[in-house]
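Chemist: Here's my sequence, what's the structure:
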Amino acid sequence: MDDKEIDQFEKLEAQLTGLLDEVSSLTKKSPDGGMNTFKLKYVNSVLESTNKLMKPAQRPFADFAQFDEVVIPTNSDVLLILRQYANCLEEVRAANIQESYDSWYWVVKGKAGNRRARPPAKLK
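Modeler: Model (predicted):
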């Protein structure tokens, strides 16, 4: 990854986390309720950008790109997909950071960088 991709990655990761929180709340109230088209538009926007950032093999599902805005998905369907994308993004992030002196840094263009990163969610 280069600095531009890292910036984009961090933005998408934050957006995805926010969407997960919102959709999780909606799902608790109404799991089988249809996703609001306004929210679905932004969910699809984040998914589209995430798909562009990740390689096809890194995506959670080869046959899924975004939700159909004509056939509105349920809140729980959206939550399921967002969780899968969050897990895959975490795998991409973990593969592109390394530890040095008890801190984590992004690997930039294949070399250890000086840009700090948070530790991986699952330490190996």
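
Chemist: From now on I want contacts and neighbour counts done on CA atoms only, so please keep to that.
Modeler: Fine.

Chemist: Contacts only, for residue 100.
Modeler: The contact partners of residue 100, taken as Cα atoms under 8 Å, 6 or more residues apart in numbering, number zero.

Chemist: how near is the residue lying farthest from the centre of the chain to residue 81?
Modeler: Computed with Cα atoms, centre = their mean, the residue of the chain farthest from its C-alpha average is residue 101, at 27.7 Å. According to Cα to Cα, to the nearest Å, residue 101 stands 36 Å off from residue 81.

Chemist: same check, this time on residue 32
Modeler: 15 Å.

Chemist: Likewise for residue 99?
Modeler: Taken as Cα to Cα, the span from residue 99 to residue 81 is 30 Å.

Chemist: Same question for residue 41.
Modeler: On the measure of Cα to Cα, residue 41 and residue 81 end up 15 Å apart.

Chemist: in this structure, which spans are strands?
Modeler: 97-100, 103-108, 111-117 (DSSP state E).

Chemist: Out of the ones you listed, which one sits most buried?
Modeler: strand 103-108 (a mean of 19; mean count of other Cα atoms under 10 Å).

Chemist: That one to strand 111-117, inter-axis angle?
Modeler: Between strand 103-108 and strand 111-117, the angle comes out at 130 degrees (axes from the mean of the first three to the mean of the last three Cα atoms, to 10 degrees).

Chemist: Neighbouring strands of strand 103-108 in the sheet, and parallel or not?
Modeler: Strand 103-108 has its sheet partners listed here by DSSP bridges as strand 97-100 (antiparallel), strand 111-117 (antiparallel).

Chemist: can I have the first one written out in PDB, keeping just the CAs?
Modeler: Pointing back at strand 97-100 there. Extracted C-alpha coordinates of strand 97-100, given in PDB (Å, rounded to 0.1, in the frame of the first residue of the first chain):
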ATOM      1  CA  ILE A  97       1.200  -3.400   9.300                       C
ATOM      2  CA  GLN A  98       4.200  -4.600  11.400                       C
ATOM      3  CA  GLU A  99       5.300  -4.200  15.000                       C
ATOM      4  CA  SER A 100       8.500  -2.300  15.900                       C
END
